[in-house]
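> Could you look at this predicted model? Sequence included:
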Amino acid sequence: MWDAQGKQYLDFSGSAGVNFIGHGVESIVSAMTSQARSLEFVHLSQFTTPIAEQYASELLEFAGDNFRGGAVYFTCGGSEAIDTALKLARQYQVEIGNFGRSQIISRTQSYHGATLGAMAISSSKRPREMFRPMVREFASVPGPYPYRCPYECSDSCNNCGSLYAQEVEAAIAAAEQKVAAIILEPVSGAAVGAVVPPAGYLERVIEICRQAEVLMIADEVMTGTGRTGRNFAIHHWGLAPDILVTAKGLASGYAPLGAVLISAKVVEAIAYGSGSFVHGFTYSSHPISLAAGRATLKHVRSLNLVEAADSDAQETTAAKLKAGLLKLRTLDAVGDVRGIGLLWAVEFVSDRGAKTPFPGADNFSGKVAQAALERGLLVYPVQGCIDGEAGDHILIAPPAVISPEQIAWALEQLASAIEEASA
């Protein structure tokens, strides 16, 4: 991209983890323009549209067998989609006779959005502290964090997945049949930074939810539509959540768009119960946004961008990014490099041996981002990954069309930016 003065920038963070297909793709603009000429808007209370039905069908197929026979509720973004999922979970429990189930369990240091509903289930301190008197408090459980694992693992957290899952089981039991759903990111997004869960953790959590009649909501606002090298991150573990929330890469930033993918179990409970979901936004299923989303999905498939985002395959874009990022571990200020696909985080420390974070007032991640910006590189700085206040990291989430030459240049600039901030 170029600013008003003509300075060039390489978008190494995908504009906050949004852009997956690159900027300026003409086919997306053409699809939006064509839809605008045909029909720019209609309210869902009056009509459905061909673009909504076609795209929903294609998106359910993209999500795999777990959502066969399911439905899609389109929104204008991730926070709206999260609120929609929470209300769906509550209504589902009411429809099947579990009238007392209204609580949602999330994970500590989680971030699920900026609306009051999404903030109520987000435990990350910085975005919600001022507004805490306005939101309902829900229970949260510790989430995996291998670099700072509380179980003091010496095996890279290969066997502590069951211990984290036990925290979920205990929280559900303590709520005494009042939990409607648990919500989590399969791979954490910005708040903690691209943490990949230990083996067995997610599988056990879903098993616990099934046994307790608790719905599983997968928050894939950041990890969906190919970002982690699978259509959705849950596919790395063969998971079957009841509800999946996605946004960001869904339309890759070309239009505001989010979606809630709903399994047949939840759809049927409502369809054969009250018959109507008590919910609605004016701009849900906006035809122009849906045209952007449908064209984005077609573009992702035609260019095999999900495969390009597979960091475990040889010679892919993501594999080259992974190899380059791991070399940053030699820098004194870099404590951890973690991630999967095209979603990575670099956590900074003042003392590598003790894993000591920089003082929060230093805003070290902000300094790195500023130094990178001056070099023409855009990254995503975050503070508070350890406990909501301490801890600095940056998020790396480039579009899947980034070239090997651009990756090499970006990593060179990033290393220089880290060294400058350290000095």
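Perfect, I can see it now. Numbering: from 1, shown residues only.
> Quick one: the strands in the protein, in order.
10-11, 71-75, 103-107, 140-141, 179-184, 215-220, 243-246, 258-262, 334-340, 343-348, 377-378, 380-383, 392-396 (DSSP state E).
> Could you save these as TSV and add columns showing distance to Thr115 and mean neighbour count?
From N, CA and C alone the C-beta is placed, and that goes for glycine too. Shown next, in TSV, are these (distance: least, CB to CB, whole Å; neighbours: other CB atoms under 10 Å):
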stretch	distance to Thr115	mean neighbour count
strand 10-11	26	20
strand 71-75	11	23
strand 103-107	14	25
strand 140-141	18	20
strand 179-184	14	26
strand 215-220	14	28
strand 243-246	13	29
strand 258-262	11	27
strand 334-340	27	23
strand 343-348	23	26
strand 377-378	26	20
strand 380-383	20	21
strand 392-396	22	28
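> any idea how far Ser403 is from Val187?
Distance of Val187 to Ser403, computed by CB to CB, to the nearest Å: 25 Å.
> out of those two, which sits in the busier spot?
Using other CB atoms under 10 Å as the criterion, Val187 and Ser403 rank with Val187 on top: 24 against 10.
> just checking, that one touches Thr223?
Yes: with contacts counted by CB atoms under 8 Å, Val187 reaches Thr223, the gap being 5.1 Å.
> anything in contact with each of the two?
The overlap between the contact sets of Val187 and Thr223 (CB atoms under 8 Å, 6 or more residues apart in numbering) consists of Ala233, Leu343.
> centroid residue for this structure?
Closest to where the C-alpha atoms of the chain average out (CA atoms, centre = their mean) is Met222, at 2.5 Å.
> mind checking how far the nearest residue to it once chain neighbours are set aside is from Ala56?
The shortest distance from Met222 to any non-neighbouring residue, by CB to CB, 6 or more residues apart in numbering, is to Gly189 (3.9 Å). Gly189 sits 24 Å away from Ala56, going by CB to CB.
> neighbour-wise, which of these two wins?
Gly189 (27 against 22).
> any idea how far the more buried one lies from Leu60?
Separation of Gly189 from Leu60 (CB to CB) stands at 23 Å.
> likewise Arg148?
From Arg148 across to Leu60, the span is 38 Å (CB to CB).
> Likewise for Arg37?
Remark: distance between Arg37 and Leu60 (CB to CB) = 27 Å.
> same check, this time on Ser252
From Ser252 to Leu60 the distance is 19 Å (CB to CB).
> before we move on, what about Arg227?
19 Å.
> These two: which has the busier surroundings?
Higher neighbour count among Arg227 and Leu60: Arg227, with 31 against 21, using other CB under 10 Å.
> So Ala309 sits against Ala400, correct?
Yes: with contact defined as CB under 8 Å, Ala309 counts as touching Ala400 (5.1 Å).
> Pull up the overlap in contacts between those two.
Common contacts of Ala309 and Ala400 (CB under 8 Å, 6+ apart): Phe20, Gly226, Thr317, Ala318, Leu342.
> So which of those are in helices?
If you go by DSSP state H, the shared contacts of Ala309 and Ala400 have Thr317, Ala318 in helices.
> Would you reformat the shared contacts of Ala309 and Ala400 as JSON lines and include distance to Pro144?
Output for these, formatted as JSON lines (distance: CB to CB, whole Å):
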{"residue": "Phe20", "distance to Pro144": "25"}
{"residue": "Gly226", "distance to Pro144": "23"}
{"residue": "Thr317", "distance to Pro144": "26"}
{"residue": "Ala318", "distance to Pro144": "21"}
{"residue": "Leu342", "distance to Pro144": "20"}
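> Now restrict the shared contacts of Ala309 and Ala400 to buried residues only.
Buried members of these, scored by 16 or more other CB atoms under 10 Å, are Phe20, Gly226, Thr317, Ala318, Leu342.
> Would you enumerate the residues in contact with the last one?
Right, the one you point to is Leu342. Neighbour list for Leu342: 14, 20, 227-229, 309, 311, 317-318, 321, 397-400 [criterion: CB under 8 Å, 6+ apart].
> Excluding sequence neighbours, find me the nearest residue to it.
Using CB to CB, 6+ apart and skipping the chain neighbours, the partner closest in space to Leu342 is Ala309 (4.6 Å).
> Also Pro197?
That would be Pro144: by CB to CB, 6+ apart, it lies 4.7 Å from Pro197.
> Mind pulling the model confidence for the one you found?
Per-residue confidence at Pro144 stands at 92 (pLDDT).
> wait, it sits on Tyr201?
Yes: if you go by CB under 8 Å, Pro144 and Tyr201 touch, sitting 6.1 Å apart.
> so what's in contact with these two at the same time?
Residues touching both Pro144 and Tyr201 (CB under 8 Å, 6+ apart) are Gly161, Tyr164.
> tell me the average confidence for stretch 102-117?
The predicted model assigns stretch 102-117 a mean pLDDT of 93.
> Quick check: beta-bridge partners of Phe74?
Beta-bridge partners recorded for Phe74 (DSSP bridges): Ala259.
> ok, Asp387 - contacts?
Counting by CB under 8 Å, 6+ apart, Asp387 has contacts Gln109, Lys125.
> how close does it get to Gln109?
Asp387 is 7 Å from Gln109, where distance means CB to CB.
> so what's the closest residue in space to Val29 that isn't next to it in sequence up against?
Once flanking residues are discounted, Val29 sits nearest to Tyr254: 7.4 Å by CB to CB, 6+ apart. Contacts for Tyr254 (CB under 8 Å, 6+ apart) come out as Val25, Ile28, Val29, Met32, Ala292, Thr296.
> Quick check, pLDDT for Ser156.
Note on Ser156: pLDDT of 69.
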